[in-house]
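S.K.: After the sequence you'll find the predicted model.
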Amino acid sequence: MTPAAVFAGLAAALALYAAGDGLAARTRHAPAAAGRGRRLLRLLSGVGRRLGVAPAPRATAARLAAAGAPPAVTPGDVMAVKTGLALVALLAALAPAAALPGRLGPVVAVAAPLAAAQAPELWLRRRARRRARQMRAEVADVLDLLRVCVEAGRAPGTALAEVGRRHRGLLGRELRRAAGELALGRPGPEVLDALAVRCPLEELAALVSALRRADRHGAPLAPALQALAADARGARARAVREQAAKAAPKIQLVVALLLVPAVMLLIGAALASAFAT
């Protein structure tokens, strides 16, 4: 493989890494990471828009919301970045593909842009899963705080704002955002729908349903919140037990592959020393 091909591959890898870093910077609002990554992200987006952007699938908007993307990032931005990354990967793969024997060259030239175009989607899904794990660890405490506020006589919207103000976790921040939207006059059903999309958990879906029943039919909210909190804690305990059960075979594998051979080596060394004398 020629040096030009090597450098082209390295350039493509750096471009993909920087694009992912730019998406992370826009999502986290991190000033330190907002330099080169954002500039490259804007460049890729501009290139993609010049080439023509395909319509974004409906799931892209929900995936952006679940990943915690700010409102400034739209599904069109994601599609534009995907198109720009596909072009960069295609240009970078041309030289290595020409150096490959047989039919591997055309396969690499086609597979590289297809794989690069999927990088933003994979990153969004990974971030959404990480956010879901964090919110799942917080949901029981948040539900208990909501129950206390409701039992104290607070209205559901006020309870959301109070819990969002006092709870400093990710889920508390989402509740604070929902309460702010309600205070600005956005219709309650729309706010609850957006909350369920940003927090794709079964417990949050049940909370949204309970809030709707309380608003529509006047159903008591505190018992539902207490039951939801108990279910969340039970699910969390089951998940911990399952993780512990999965860890036991891994520990046994480590013992079998590392500790047992190490002990056998020590015994062999002692026997060899005894026979040598």
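M.R.: Yep, that arrived. These numbers were taken from a predicted model, which means no experiment stands behind them.
S.K.: And for the nearest residue to Gly84 once chain neighbours are set aside, the neighbour number?
M.R.: Among residues not flanking Gly84 along the chain, Leu44 sits closest, at 3.2 Å (Cβ to Cβ, 6 or more residues apart in numbering). The way it works is simple: take the backbone N, C-alpha and C, and place the C-beta from them, glycine included. A count of nearby residues for Leu44, using other Cβ atoms under 10 Å, gives 25.
S.K.: so how far is Arg126 from Leu44?
M.R.: To Arg126, Leu44 is 19 Å away according to Cβ to Cβ, to the nearest Å.
S.K.: ditto for Met79
M.R.: Distance from Met79 to Arg126, counting by Cβ to Cβ: 19 Å.
S.K.: out of these two, which sits in the more crowded spot?
M.R.: Per other Cβ under 10 Å, whichever of Met79 and Arg126 has more neighbours is Met79, with 22 against 12.
S.K.: And the more buried one, its phi and psi?
M.R.: phi -70, psi -40 (degrees, to the nearest 10).
S.K.: Quick check: it touching Ala56?
M.R.: Yes: taking Cβ atoms under 8 Å as the definition, Met79 is a contact partner of Ala56 at 4.9 Å.
S.K.: which stretches of the chain form helices?
M.R.: Counting by DSSP state H, the chain has helices at residues 3-28, 36-51, 58-66, 75-99, 104-117, 119-151, 156-166, 170-183, 188-198, 202-217, 222-254, 260-276.
S.K.: could I get those helices as TSV with mean pLDDT?
M.R.: Converted to TSV, the helices of the chain look like this (pLDDT from 0 to 100):
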stretch	mean pLDDT
helix 3-28	45
helix 36-51	74
helix 58-66	89
helix 75-99	85
helix 104-117	86
helix 119-151	92
helix 156-166	90
helix 170-183	92
helix 188-198	92
helix 202-217	90
helix 222-254	86
helix 260-276	80
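S.K.: Just give the nearest non-adjacent residue to the residue nearest in space to the middle of the chain, would you?
M.R.: Here the mean C-alpha position of the chain is nearest to the C-alpha of Arg127 (Cα atoms, centre = their mean), at a distance of 1.4 Å. Of all residues not flanking Arg127 in the chain, Ala67 sits nearest, at 4.3 Å (Cβ to Cβ, 6+ apart).
S.K.: Tell me if I'm right that that neighbour and Ala128 touch.
M.R.: Yes: shown here, Ala67 and Ala128 form a contact pair, counting by Cβ under 8 Å, at 4.6 Å.
S.K.: Tell me how the protein divides into domains.
M.R.: Domain assignment of the chain by automatic domain parsing yields the ranges 3-117, 132-233.
S.K.: Reformat the ones you listed as TSV; add distance to Lys246.
M.R.: Output for those, formatted as TSV (distance: least, Cβ to Cβ, whole Å):
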stretch	distance to Lys246
domain 3-117	26
domain 132-233	16
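S.K.: Can you say which of those domains is nearest to Leu253?
M.R.: Evaluated over these, closeness to Leu253 peaks at domain 132-233, with 24.8 Å, by Cβ to Cβ.
S.K.: May I have the distance across the closest one, first residue to last?
M.R.: The first residue of domain 132-233 is 15 Å away from its last residue (Cα to Cα, to the nearest Å).
S.K.: so how far is that domain off the chain centroid?
M.R.: 21 Å (Cα atoms, centre = their mean, to the nearest Å).
S.K.: Kindly report the same for stretch 79-98.
M.R.: So, by Cα atoms, centre = their mean, the centroid of stretch 79-98 is 25 Å from its chain's centroid.
S.K.: can you check stretch 239-253 too?
M.R.: Worked out by Cα atoms, centre = their mean, stretch 239-253 lies 24 Å from the chain centre.
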